[in-house]
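Undergrad: Take this sequence and fold it.
(2 chains)
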Amino acid sequence: MKKAESMNNHPSKSQQIRQAARHAFPHTIPIFAGFWFLGITYGIYMNVSGFSFLYPLFMSLTIFGGSLEFVAVEMLLSAFAPVQTLVMALMIQARHLFYGIAMLDRFKGLGCKKIYLIFGMCDESFSINCSARVPEGTDRGWFMFFVTLYNQIYWVTGAVLGGLLGSLISFDTEGLDFVMTAMFVVIFLEQWLKEKSHYTAVAGIAVSVVCLLLFGPDSFMIPTMTGILCLLTIFRNPIEKAGDMA
Amino acid sequence: MTLTQQIITIALCALGTMATRFLPFLLFSSRKPTPRYIQYLGKALPAAIFGMLIVYCLKNVSILSGSHGLPEFAAILVVVGLHLWKRQMLLSIAGGTICYMLLVQYIF
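TA: All right, here's what the predicted structure looks like:
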């Protein structure tokens, strides 16, 4: 009797999960377009470089980070250099350190889901999970779980498809990769409209642009991250006073 | 490269990625309260990160050669305009992307 009562008041666990799965999907539609395009491109690149589709399959499952996976193709084609490989991987992926810091408190108390959320925290999953307004009554943990899972499914299926079909497919989709840029612009804009002061948003853009000009496209991310950290630390008082952060 | 060397290379890429994703969570246990400074960073960073990601996406655009970044600039204006007008995330993204594809395929 008691059980039935509590079922009426609260949705059951499986209902909660289904609801989160439903509500998470629309947020990932742009990623579907972007990841299929980039994933298929990556798979084709591996295929024409002489690798079976099993390579993109396992690499997209275990690494799950687009830019590094493209670089990894070149690593696999050159001489074995384990130390250099690890250093490259750490440098290319260093920005994820920031994502972890931003999500420290948001991932608290999510149990086992947390491990997968961290494992699958690519740029896109982080951006959605950090910025999306989770609908009222939807379980936040499961919502983020499904966002991450959908994104990884798109990436892995795209990579395998490209790896299987290889150069057989040619498509006139030049420019489709802009979908990712467009998504980050929208998320940035939403953040901008939400906050009262724009210190950190401006710092992010300004430091990145200056470092890009100074260090070039291949090595500007670490200086950028260092620069952002310095600015946020030096101007902590005014930024905190202005309040209203993410 | 032998198969073993290939497996090690892929494993090291995965390890490097996971190290950067898991490290903050390993350093700051969820059982203890997060230090104030790190909490502050967690709140202040996202806006800066989103700005950084836009520049990261555009890092290979050359202002001095080719199409001088004009299609990117125009398409971003379309995204911003659409979004301020309708505030529909999918519409803004789709509109900007279609505009960009038309620009690079037919004009530039």
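Undergrad: got the contact list for B:F22?
TA: A:100, A:118-119 (CB atoms under 8 Å, 6 or more residues apart in numbering or on different chains). Placement of C-beta: from N, CA and C, glycine included.
Undergrad: buried stuff in the helix or strand it falls within?
TA: Here B:F22, judged by DSSP states H and E, is contained in helix B:3-27. Residues of helix B:3-27 classed as buried by neighbour count (16 or more other CB atoms under 10 Å in any protein chain shown): B:6, B:8-22, B:24-25.
Undergrad: So which elements touch the next helix or strand after it?
TA: Sequence order places helix B:36-57 as the next helix or strand after helix B:3-27, per DSSP H and E. Counting by 3 or more CB pairs under 8 Å, 6 or more residues apart in numbering or on different chains; DSSP states H and E, the packing neighbours recorded for helix B:36-57 are helix A:96-103, helix A:123-131, helix A:178-194, helix A:199-215, helix A:221-234, helix A:236-242.
Undergrad: next SSE after helix B:36-57?
TA: Tracing the chain C-terminally past helix B:36-57 and defining elements by DSSP H and E, one meets helix B:70-86 next.
Undergrad: Send me that next one as CSV with only the CA atoms.
TA: Extracted as CSV, the C-alpha positions of helix B:70-86 are listed here (Å, rounded to 0.1, in the frame of the first residue of the first chain):
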residue,chain,number,x,y,z
LEU,B,70,34.6,36.5,-44.4
PRO,B,71,32.3,33.4,-44.7
GLU,B,72,33.0,32.6,-41.0
PHE,B,73,32.3,36.2,-39.9
ALA,B,74,29.1,36.5,-42.0
ALA,B,75,27.8,33.1,-40.7
ILE,B,76,28.5,34.0,-37.1
LEU,B,77,26.6,37.3,-37.6
VAL,B,78,23.7,35.2,-38.9
VAL,B,79,23.8,32.9,-35.9
VAL,B,80,23.9,35.8,-33.5
GLY,B,81,21.1,37.7,-35.4
LEU,B,82,18.8,34.7,-35.6
HIS,B,83,19.4,33.9,-31.9
LEU,B,84,18.7,37.4,-30.7
TRP,B,85,15.6,37.5,-32.8
LYS,B,86,14.0,34.0,-32.1
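Undergrad: Low-confidence stretches in chain A?
TA: Applying pLDDT under 70 to chain A flags the ranges A:1-9, A:169-172, A:244-246.
Undergrad: and it, what are its domains?
TA: Annotated domains of chain A cover A:12-175, A:195-246 [automatic domain parsing].
Undergrad: Mean neighbour count and distance to B:S65 for these - can I get that in CSV?
TA: Shown next, in CSV, are the domains of chain A (neighbours: other CB atoms under 10 Å in any protein chain shown; distance: least, CB to CB, whole Å):
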stretch, mean neighbour count, distance to B:S65
domain A:12-175, 19, 18
domain A:195-246, 17, 14
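Undergrad: closest to A:A182 out of those domains?
TA: domain A:12-175 (7.3 Å; CB to CB).
Undergrad: In chain A, where's the longest helix?
TA: helix A:140-165 (DSSP state H).
Undergrad: Tell me which other helices or strands that helix touches.
TA: When contacts are defined as 3+ CB pairs under 8 Å, 6+ apart, helix A:140-165 packs onto helix A:13-24, helix A:29-48, helix A:54-62, helix A:113-119, helix A:123-131.
Undergrad: Let me have those helices in CSV, extended by distance to A:T138.
TA: Formatted as CSV, the helices and strands packed on helix A:140-165 follow (distance: least, CB to CB, whole Å):
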stretch, distance to A:T138
helix A:13-24, 5
helix A:29-48, 17
helix A:54-62, 27
helix A:113-119, 14
helix A:123-131, 13
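Undergrad: Take these and lay them out in TSV including distance to chain B.
TA: Shown next, in TSV, are these (distance: least, CB to the nearest CB, whole Å):
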stretch	distance to chain B
helix A:13-24	14
helix A:29-48	5
helix A:54-62	4
helix A:113-119	5
helix A:123-131	5
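Undergrad: Cheers, nothing more for now.
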